[in-house]
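S.K.: Below are the sequence and a predicted model; questions follow.
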Amino acid sequence: HMFLYFPDKEIVTTPAAIGLEFEDISFQASDGTKLHGWFLQGEKEKPLILFCHGNAGNISHRVDNLRLFRELGLSIFIFDYRGYGQSEGKANEEGSYADARGALQWLQDKGWSEQQIIYFGRSLGAAVALQLALESPPAGLVLESPFTSIEAIGKQLYPTLWMLAGWALDVRYDNIIKIDQIKTPLLVFHGEQDEIIPQQMGRELFDRAPQPKQFYSIPFAGHNNTYDEGG
């Protein structure tokens, strides 16, 4: 798993540091693991973004993203997977799905329905958001810089290692076999210069997805600067 999850325990900042009001939330994954997240209230009539972040750091490294969503008037619930930030446990694939289920359950308990929620998944989080969208279809699904499968990335980034070990065979995140089952509007956006997950992967997923769908290409963006380049 060491090639896949790069959690950071330390919360380095909060939304308050940039003047955003937020609630500190403790909740449980669907298997009972204790998790941590932030809830930011937006305008009443606008949707909520359920934010599934990428494989490094923790929620405190996404404060800039939160600011941009709040400027649009949206509510946001961002949470840390098990093993990240203040969430307990150790990261793994099934666990990350259980974490997202718990986040949705917390929102439902607060009176939000799936039809008021957009699942937003970035990179590894795109796999988490996709799985949740299959189980509990939202108003919309946004995948930022998504990959086709862990195997495909492994073969590409670590070809020799992959041949020797097939190093993550217990970790699949097999988006390419799931995407055609979604029943929700899809937006995929992906940097043209993505050096970690080639844009071609995002396009393959998009091609297999049912309508309605939209692909947005960000010309000069790599993997980690999509929102700086794309606006």
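M.R.: Yes, it's here.

S.K.: Can you list the buried residues in the helix with the most length in the chain?
M.R.: In the chain, taking DSSP state H as the definition, the longest helix is helix 93-109. By 16 or more other Cβ atoms under 10 Å, the buried positions in helix 93-109 come out as 93, 95-104, 106-107. Glycine gets a C-beta too; all of them are placed from N, C-alpha and C.

S.K.: wait, which of the residues you listed is closest to Glu10?
M.R.: Nearest to Glu10 among these is Asp99, at 19.3 Å by Cβ to Cβ.

S.K.: Hmm, Lys34 and that closest one touching each other?
M.R.: No: counting by Cβ atoms under 8 Å, Asp99 stays clear of Lys34, with 10.6 Å between them.

S.K.: what is in contact with those two at once?
M.R.: Ser87 (Cβ atoms under 8 Å, 6 or more residues apart in numbering).

S.K.: which residues of the chain fall in helices?
M.R.: Here the chain has its helices, by DSSP H, at 63-71, 93-109, 124-135, 150-157, 159-165, 175-178, 199-208, 226-230.

S.K.: Return the most buried member of these.
M.R.: Mean neighbour count (mean count of other Cβ atoms under 10 Å) peaks for helix 124-135 among the helices of the chain, with a mean of 24.

S.K.: Next, the angle helix 93-109 makes with it.
M.R.: Helix 124-135 and helix 93-109 are oriented at 60 degrees to each other (axes from the mean of the first three to the mean of the last three Cα atoms, to 10 degrees).

S.K.: So Leu187 versus Ile78, what's the distance?
M.R.: From Leu187 across to Ile78, the span is 18 Å (Cβ to Cβ, to the nearest Å).

S.K.: Nearest spatial neighbour of Gly191, chain-adjacent residues omitted?
M.R.: In space, and not counting its chain neighbours, Gly191 is closest to Ala221: 2.9 Å by Cβ to Cβ, 6 or more residues apart in numbering.

S.K.: cool, and Gln131?
M.R.: Per Cβ to Cβ, 6+ apart, closest to Gln131 is Tyr97, 5.0 Å.

S.K.: May I ask you to confirm that the one you found is in contact with Leu132?
M.R.: Yes: between Tyr97 and Leu132 there is a contact under Cβ under 8 Å: 7.2 Å.

S.K.: thinking again about what came up before, I'd like the helices of the chain as a markdown table, with mean pLDDT appended.
M.R.: Shown next, in a markdown table, are the helices of the chain (pLDDT from 0 to 100):
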| stretch | mean pLDDT |
| --- | --- |
| helix 63-71 | 95 |
| helix 93-109 | 98 |
| helix 124-135 | 98 |
| helix 150-157 | 84 |
| helix 159-165 | 70 |
| helix 175-178 | 98 |
| helix 199-208 | 98 |
| helix 226-230 | 87 |
